[in-house]
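Trainee: here is a sequence with its predicted model. Questions after.
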Amino acid sequence: MMRIITGKAKGVRLATLEGIETRPTSERVKEAVFSSLQFEIEGRRVLDLFAGSGQLGLEAMSRGAETAMFVDANPDAMEIVKQNARKCGFFPACRYLISDYRAYARKAGRDGQWDLIFIDPPYKLGCVGDAVKRLLDADAAAPGCIFVLESGEPEVFRDNPELTSRFEVLKTARYSITYITVLRLKGEGQNEEGADSGDL
């Protein structure tokens with residue numbers, strides 16, 4: 001059973017969708033990710049793409065994020081997200097959309113810009129780089145936006161190498177078959193030198 005690790009909703013147990021299509025982020029990975037983000041959450045606007053159970057966005061809300069948008073193509077998954085948001089007490093502060101990531105990205109800019117974006121699709125889709133590119137093309141990421149990418153391969157921009165220069169690498173780590181990449185979107189005029197990557 002998953003739970004909120006810390007913050008306003010600390011200890012709240014979260015429901016998950018049964019079946020093989022939804023793969024919740026493990027407690028170990030989630031704790032490592034949020035440890036690295038501890039000063040990057042307060043007051044931020046969060047997008048949880050491929051939301052699944054909503055645990056990443058809800059963890060961010062528990063730690064002081066201002067609002068979260070949850071997007072998932074599976075209606076059953078979105079019902080789980082809403083259920084979990086109610087349990088945590090964050091339901092009114094969040095938004096919920098049943099949508100494929102491509103369809104959402106076409107209109108993502110209308111929601112304003114996000115400060116923290118979680119992208120954690122089913123590994124078999126291999127679409128992390130494509131999702132990032134579509135969000136950038138839609139101008140949906142605020143300057144300095146942090147992207148937390150979870151994938152089944154280390155090279156998230158293998159099919160979109162031109163994206164690499166647009167980011168500063170904050171952290172990289174591997175947990176079994178899971179690769180975590182944390183990036184900060186560079187501002188205009190920044191050079192292409194990024195920070196050293198390290199283990200979470």
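Mentor: Great, that's in hand. Since the structure is predicted, the reported quantities are computational estimates derived from the model, not experimental observations.
Trainee: what's the burial count for Met1?
Mentor: 7 (other C-beta atoms under 10 Å). (Glycine included, C-beta is placed from N, CA and C.)
Trainee: helix or strand with the lowest mean pLDDT in the chain?
Mentor: The weakest-scoring helix or strand in the chain, judged by mean pLDDT, DSSP states H and E, is helix 27-36 (a mean of 88).
Trainee: which residues are contacting that helix?
Mentor: Identification of contacts with helix 27-36 by C-beta atoms under 8 Å, 6 or more residues apart in numbering yields 2-3, 5-6, 25, 41, 55-56, 59-60, 63, 148, 150, 170-171, 173, 175, 178, 180, 182, 200.
Trainee: cutoff 7 Å now
Mentor: Residues outside helix 27-36 that contact it (C-beta atoms under 7 Å, 6 or more residues apart in numbering) are 2, 5, 55, 59, 63, 148, 170-171, 173, 175, 178, 180, 182, 200.
Trainee: list buried residues within the residues you listed.
Mentor: 2, 5, 55, 59, 63, 148, 170-171, 173, 178, 180, 182, 200 (16 or more other C-beta atoms under 10 Å).
Trainee: of all those residues, which two lie farthest apart?
Mentor: Greatest spatial distance among the buried ones among the contacts of helix 27-36 (C-beta to C-beta): Met2 and Leu170, at 24.4 Å.
Trainee: helices of the protein, residue ranges please.
Mentor: In the chain, the helices defined using DSSP state H lie at 27-36, 55-62, 75-88, 101-107, 128-137.
Trainee: hey, which of those is tucked in deepest?
Mentor: Highest mean neighbour count among the helices of the chain (mean count of other C-beta atoms under 10 Å): helix 55-62, with a mean of 28.
Trainee: mean confidence score for that helix?
Mentor: Mean per-residue pLDDT for helix 55-62: 97.
Trainee: where are the low-confidence patches of the chain?
Mentor: Along the chain, segments meeting pLDDT under 70 span 19-24, 188-200.
Trainee: apart from its chain neighbours, what residue comes closest to Ala105?
Mentor: Arg134 (3.5 Å; C-beta to C-beta, 6 or more residues apart in numbering).
Trainee: wouldn't that neighbour be in contact with Tyr104 here?
Mentor: No - the pair Arg134 / Tyr104 is not scored as a contact, 8.6 Å apart, by C-beta atoms under 7 Å.
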